[in-house]
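J.: Here is the input, now give the coordinates:
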Amino acid sequence: MKKLISLLTILATVLSLVSCKNQERKPLLPSISGKAGEVLIVINKEYWEGSIGTALRDLLASDFPYLPQKEPLYTLINITPGAFTDIFQIHRNILIVNIESGIKQPAVLFRNDVWATPQCVIGINAPDIESACQLINDNGEKLLATLEQAERDRVITNSIRYEEVTLRPVMAALTGGILHFPGGYSLKKQTDDFLWISYDTQYTSQNFIVFKYPAAGTEADFSLDTLMMRSNEAMKANVPGMFENTYMTISNATTPEVRYIKYRDREFAQMRGLWDVHKDFMGGPFVSHAFYSRDGKEVIVIEAFVYAPKYDKRHYLRQVESILYSFEWGSGNTK
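T.: Numbering: from 1, shown residues only. A predicted model of the protein is given here:
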């Protein structure tokens, strides 16, 4: 019991140090462990089996949107504070729940690279169960955004480190910018106004199509109807199925969702939904970003889609979506 109390005190102290700017950076932190999409939750068993655990599961293990089969946003692994030893401290995503009656200021605290790198550590410090549940409910969007950004940044960092730089010029020629495609991606089709770039294995395929069309300069440029129509036109003309008179299209099984996002000084319309093949049985999830060209005369669409009939899709879709977020304006110079 003394050991457990001591460990909880140490964790609370670490997590209470919100800013690391004035701290000496730990040298040579080990690389993170764990699989993409996992979150390690350090929590007492009674809290995990009670209302706090329910609130965390409802938030973090809710359904990933627009997948053909149900998959959770994150795979949750829970351990008690007494089991939180060195082997677990290097996990990629850690959420620590600390309930102590003496806590005067309940808070959700966010840290990076505490025990490993690149690591995301989140602390929930509260004096009682009710306060902890309230913190989770009030900060749900930020919790999800922090974990998603951490997962996204890891993919982008690796994509840049192992980038297939030969794809930069073709992207720059069509869009005026680049995506950081990791090694393994290759150019599948290229026309004056269309690109198809893919990474194929025996049982999976991760793909990007890129196209553009004249902008009207109105809100209709990024309406759901316009985005669906333009996407279907591009896919019908350029992405054939395996058999004659078959082609890729947005699925009618569910209506796609459009969100308007500002991300690091870029604004774009994000469409998310399901695709299938006309007169065939292939299908899967997709996500696209649509935005104005630099001169505002055209709308550029970059659409990522996944085909993985033998596997869960969450991991593959999160990878291509992260690459979408790596877009930056540039010349495509590989030097």
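J.: So which elements touch the lengthiest helix in the chain?
T.: If you go by DSSP state H, the chain has its longest helix at helix 140-161. The helices and strands touching helix 140-161, judged by 3 or more C-beta pairs under 8 Å, 6 or more residues apart in numbering; DSSP states H and E, are helix 51-60, strand 93-99, strand 107-112, strand 120-126, helix 314-324. For glycine as for every other residue, the C-beta is placed from the backbone atoms N, C-alpha and C.
J.: angle of the fourth one against helix 51-60?
T.: In other words, strand 120-126. Angle of strand 120-126 versus helix 51-60, following axes from the mean of the first three to the mean of the last three C-alpha atoms, to 10 degrees, is 140 degrees.
J.: one step back: contacts for the longest helix of the chain?
T.: With contact meaning C-beta atoms under 8 Å, 6 or more residues apart in numbering, helix 140-161 is reached by 36-37, 39, 59-60, 73-74, 92-93, 95, 108, 110, 118, 120, 122, 136, 180-182, 318-319, 321-323, 325-326.
J.: Show me which residues of that helix are buried.
T.: For helix 140-161, burial by neighbour count (16 or more other C-beta atoms under 10 Å) applies to 140, 143, 146-148, 150-156, 159.
J.: Tabulate the residues you listed in a markdown table, adding columns for distance to residue 225.
T.: Formatted as a markdown table, the buried residues of helix 140-161 follow (distance: C-beta to C-beta, whole Å):
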| residue | distance to residue 225 |
| --- | --- |
| 140 | 31 |
| 143 | 34 |
| 146 | 34 |
| 147 | 33 |
| 148 | 28 |
| 150 | 35 |
| 151 | 32 |
| 152 | 29 |
| 153 | 34 |
| 154 | 35 |
| 155 | 31 |
| 156 | 31 |
| 159 | 33 |
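J.: how about the helices in this structure?
T.: 2-16, 45-48, 51-60, 86-89, 129-138, 140-161, 168-175, 224-238, 314-324.
J.: which helices and strands does the third one pack with?
T.: This means helix 51-60. Helix 51-60 makes packing contacts with strand 75-79, strand 93-99, helix 129-138, helix 140-161 when contacts are defined by 3+ C-beta pairs under 8 Å, 6+ apart.
J.: Switch those over to a markdown table; also include mean pLDDT and distance to residue 297.
T.: What follows is these, written out as a markdown table (pLDDT from 0 to 100; distance: least, C-beta to C-beta, whole Å):
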| stretch | mean pLDDT | distance to residue 297 |
| --- | --- | --- |
| strand 75-79 | 98 | 44 |
| strand 93-99 | 98 | 42 |
| helix 129-138 | 97 | 44 |
| helix 140-161 | 97 | 29 |
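J.: Arrange those in a markdown table, one row each, with distance to residue 286 as further columns.
T.: Putting the helices and strands packed on helix 51-60 into a markdown table (distance: least, C-beta to C-beta, whole Å) gives the following:
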| stretch | distance to residue 286 |
| --- | --- |
| strand 75-79 | 23 |
| strand 93-99 | 26 |
| helix 129-138 | 31 |
| helix 140-161 | 17 |
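J.: Out of the ones you listed, flag the one nearest residue 43.
T.: Evaluated over the helices and strands packed on helix 51-60, closeness to residue 43 peaks at strand 93-99, with 4.2 Å, by C-beta to C-beta.
J.: Sketch out the low-pLDDT regions of the stretch 151-300 of the chain for me.
T.: Regions of the stretch 151-300 of the chain meeting the criterion pLDDT under 70 are absent.
J.: what ranges do the strands span in it?
T.: 177-178, 186-191, 194-200, 205-214, 248-250, 257-263, 266-277, 283-292, 298-307 (DSSP state E, counting those that start in this stretch).
J.: Could I get those strands in CSV, plus columns for mean neighbour count and distance to residue 79?
T.: Formatted as CSV, the strands of the stretch 151-300 of the chain follow (neighbours: other C-beta atoms under 10 Å; distance: least, C-beta to C-beta, whole Å):
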stretch, mean neighbour count, distance to residue 79
strand 177-178, 22, 41
strand 186-191, 14, 42
strand 194-200, 19, 35
strand 205-214, 20, 33
strand 248-250, 23, 42
strand 257-263, 12, 34
strand 266-277, 19, 33
strand 283-292, 22, 31
strand 298-307, 23, 31
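J.: Would you reformat these as JSON lines and include distance to residue 50?
T.: Formatted as JSON lines, the strands of the stretch 151-300 of the chain follow (distance: least, C-beta to C-beta, whole Å):
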{"stretch": "strand 177-178", "distance to residue 50": "49"}
{"stretch": "strand 186-191", "distance to residue 50": "51"}
{"stretch": "strand 194-200", "distance to residue 50": "44"}
{"stretch": "strand 205-214", "distance to residue 50": "40"}
{"stretch": "strand 248-250", "distance to residue 50": "43"}
{"stretch": "strand 257-263", "distance to residue 50": "33"}
{"stretch": "strand 266-277", "distance to residue 50": "34"}
{"stretch": "strand 283-292", "distance to residue 50": "34"}
{"stretch": "strand 298-307", "distance to residue 50": "37"}
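J.: Out of those strands, flag the one nearest residue 220.
T.: That would be strand 298-307 among those, by C-beta to C-beta, at 10.4 Å.
J.: thought residue 269 was touching residue 260?
T.: Yes - between residue 269 and residue 260 a contact is recorded at 5.6 Å, counting by C-beta atoms under 8 Å.
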